[in-house]
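Participant: Sequence unavailable; structure follows:
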């Protein structure tokens with residue numbers, strides 16, 4: 001059933017309806033995220049928060065358009081540039097009891113600040129045993145090259161700027177990104193780079209490696225749950241190595257998913 005037309009004097013409902021109509025019509029994932037960002041910032045935090053609460057509520061019910069809008073929002077959550085705006089949305093959600101948005105943006109309890117930064121490694125790193133240590137600039141340049149051998153050696157680089165360049169390299173494969181997302185111990189800054197990649201976060205295997213990594217900050221992994229299928233949510237809810245807030249969020253989403261349609265063959269349906 002399609003949602004009722006928004007009231008003409010309700011800017012948040014109009015914004016939600018517009019995003020759910022326009023975002024799925026865009027083929028380019030980066031354009032989707034850019035449109036969502038421009039629209040939310042132009043509306044201001046109070047209106048944007050109410051629009052996202054509506055969209056998040058529909059996404060919990062597996063509305064396809066709403067889920068695509070939330071998918072376009074995910075890369076923004078991992079970008080420190082937008083941290084202040086996301087914090088403003090979180091504050092409106094708390095003050096106005098916007099429960100769906102609060103569930104989407106939840107993070108660890110008693111965490112007043114964003115996840116702590118880890119020490120960034122600026123020293124030179126050799127790619128070969130006994131080789132010359134390469135500077136950050138050299139490694140970033142190598143990460144742009146199409147050489148398969150070099151890419152393999154850079155997948156475990158500790159610097160987020162190197163990983164940023166790797167994720168934009170057209171020769172990188174899904175298996176490579178799964179390795180980056182699953183690396184343990186994981187640095188929050190590396191997880192943020194993966195979260196910002198709309199191209200790779202659209203892949204189911206990358207999403208699961210990302211959310212099942214205990215080093216992924218909860219404020220980045222919890223919103224990704226909206227994109228998971230029912231059996232994937234069950235796997236997260238049963239994963240003892242991930243933060244409790246993530247397991248709790250997975251259970252909440254499972255409880256809010258609509259009932260599965262009956263399987264005409266008498267077996268279990270998949271969603």
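Facilitator: Thanks, I have the structure now. Fair warning: this is a prediction, and the values are worked out from it, not measured in the lab. Residues are numbered from 1 along each chain as shown.

Participant: tell me which element the residue nearest the centre of the chain falls in.
Facilitator: Centre of the chain computed as the mean C-alpha position; nearest residue by CA atoms, centre = their mean is residue 74, 3.8 Å away. According to DSSP states H and E, residue 74 maps onto helix 64-77.

Participant: so where's the stretch 151-271 of the chain shaky on pLDDT?
Facilitator: For the stretch 151-271 of the chain, the stretches with pLDDT under 70 are 262-271.

Participant: quick one, helices of it?
Facilitator: For the stretch 151-271 of the chain, helices defined by DSSP state H, counting those that start in this stretch occupy the ranges 160-167, 174-182, 188-195, 198-201, 204-211, 218-224, 230-237, 244-256.

Participant: The helix holding residue 74 relative to helix 188-195, how many degrees between them?
Facilitator: Interaxial angle of helix 64-77 relative to helix 188-195 (axes from the mean of the first three to the mean of the last three CA atoms, to 10 degrees): 140 degrees.

Participant: Can you list the buried residues in whichever helix or strand comes after helix 64-77?
Facilitator: Moving toward the C-terminus from helix 64-77, the next helix or strand (DSSP H and E) is helix 83-95. Neighbour counts over helix 83-95 (16 or more other CB atoms under 10 Å) mark 85, 86, 89, 90, 92, 93 as buried. Using the backbone N, CA and C atoms, a C-beta is placed for each residue, glycine as well.

Participant: wait, which of those residues is closest to residue 107?
Facilitator: Nearest to residue 107, judged by CB to CB, of the buried residues of helix 83-95 is residue 90 at 8.2 Å.

Participant: Redo the helices of the stretch 151-271 of the chain as JSON lines? Include mean neighbour count.
Facilitator: Below are the helices of the stretch 151-271 of the chain laid out as JSON lines (neighbours: other CB atoms under 10 Å):
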{"stretch": "helix 160-167", "mean neighbour count": "21"}
{"stretch": "helix 174-182", "mean neighbour count": "19"}
{"stretch": "helix 188-195", "mean neighbour count": "23"}
{"stretch": "helix 198-201", "mean neighbour count": "20"}
{"stretch": "helix 204-211", "mean neighbour count": "20"}
{"stretch": "helix 218-224", "mean neighbour count": "24"}
{"stretch": "helix 230-237", "mean neighbour count": "17"}
{"stretch": "helix 244-256", "mean neighbour count": "17"}
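
Participant: Can you add distance to residue 150 and give those back as CSV?
Facilitator: Converted to CSV, these look like this (distance: least, CB to CB, whole Å):
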stretch, distance to residue 150
helix 160-167, 10
helix 174-182, 12
helix 188-195, 18
helix 198-201, 19
helix 204-211, 21
helix 218-224, 28
helix 230-237, 33
helix 244-256, 34
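
Participant: Nearest to residue 103, out of those?
Facilitator: Nearest to residue 103, of these and by CB to CB, is helix 244-256 at 6.1 Å.

Participant: buried sites along stretch 94-107?
Facilitator: In stretch 94-107, counting by 16+ other CB under 10 Å, buried: 98, 100, 101, 102, 103, 104, 105, 106, 107.

Participant: The host helix or strand of residue 46 packs against which elements?
Facilitator: Residue 46 is part of helix 45-60, with elements assigned from DSSP H and E. Counting contacts by 3 or more CB pairs under 8 Å, 6 or more residues apart in numbering; DSSP states H and E, helix 45-60 is packed against helix 11-22, helix 29-43, helix 64-77, helix 83-95, helix 99-104.
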